[in-house]
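[1] Provide a 3D model corresponding to the input given below.
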Amino acid sequence: MNKAELIAQMAAKAGLSKADAEKALNAFTETVSETLASKEKVSLVGFGTFEAKNRAAREGRNPQTGETVQIPASVAPTFKAGKALKDKVNA
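    Numbers count the residues shown, from 1 in each chain. This next block holds a predicted model:
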């Protein structure tokens, strides 16, 4: 499912216009992004938790040359599915 299909589904289920559903989706993604950038987590009970996790610097290898390269430390966004979502997917 791509963004346009998601917007169409949201509009149909919520009884909104596609324009309103797109605004809602954009507001949601922007809010989650800003919250993660400020190192806070977003928990949606039953759905899951979005969180920013620190990744330590490490050493890696270039698969083409075998050369050792340094991979710098970074912050990665993660998502952990909640129990209700896991149960629905596994049903």
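
[2] and the longest helix along the chain, what does it pack onto?
    Ranked by number of residues, the top helix in the chain under DSSP state H is helix 18-37. If contacts are counted by 3 or more Cβ pairs under 8 Å, 6 or more residues apart in numbering; DSSP states H and E, helix 18-37 sits against helix 3-14, strand 42-44, strand 48-55. The way it works is simple: take the backbone N, C-alpha and C, and place the C-beta from them, glycine included.

[3] now it: mean pLDDT?
    For helix 18-37, the mean per-residue pLDDT is 96.

[4] Look at Ala11 and report its pLDDT.
    The predicted local confidence for Ala11 is 96.

[5] Next up, the contacts around it.
    Ser17, Lys18, Asp20, Ala21 (Cβ atoms under 8 Å, 6 or more residues apart in numbering).

[6] Likewise for Val69?
    Glu59, Gly60, Arg61, Asn62.

[7] With Asn62 instead?
    By Cβ under 8 Å, 6+ apart, the residues touching Asn62 are Thr68, Val69.

[8] Give me the neighbour count for Leu36.
    19 (other Cβ atoms under 10 Å).

[9] would Leu16 count as being in a helix?
    No. Leu16 sits outside any helix when classified using DSSP: H, G, I helix; E, B strand; the rest coil, being coil.

[10] Tell me which of the helices and strands packed on helix 18-37 sits nearest to Ala91.
    In terms of Cβ to Cβ, the element of the helices and strands packed on helix 18-37 nearest to Ala91 is strand 48-55, at 16.5 Å.

[11] what lines up beside that closest one in the sheet?
    Applying DSSP bridges, strand 48-55 is found paired with strand 42-44 (antiparallel), strand 74-81 (antiparallel).

[12] Out of those strands, which is closest to Lys3?
    Lys3 sits nearest to strand 74-81 of all the strands paired with strand 48-55, at 17.0 Å, using Cβ to Cβ.

[13] just how off-centre is stretch 56-65 within its chain?
    25 Å (Cα atoms, centre = their mean, to the nearest Å).

[14] Great, nothing more from me.
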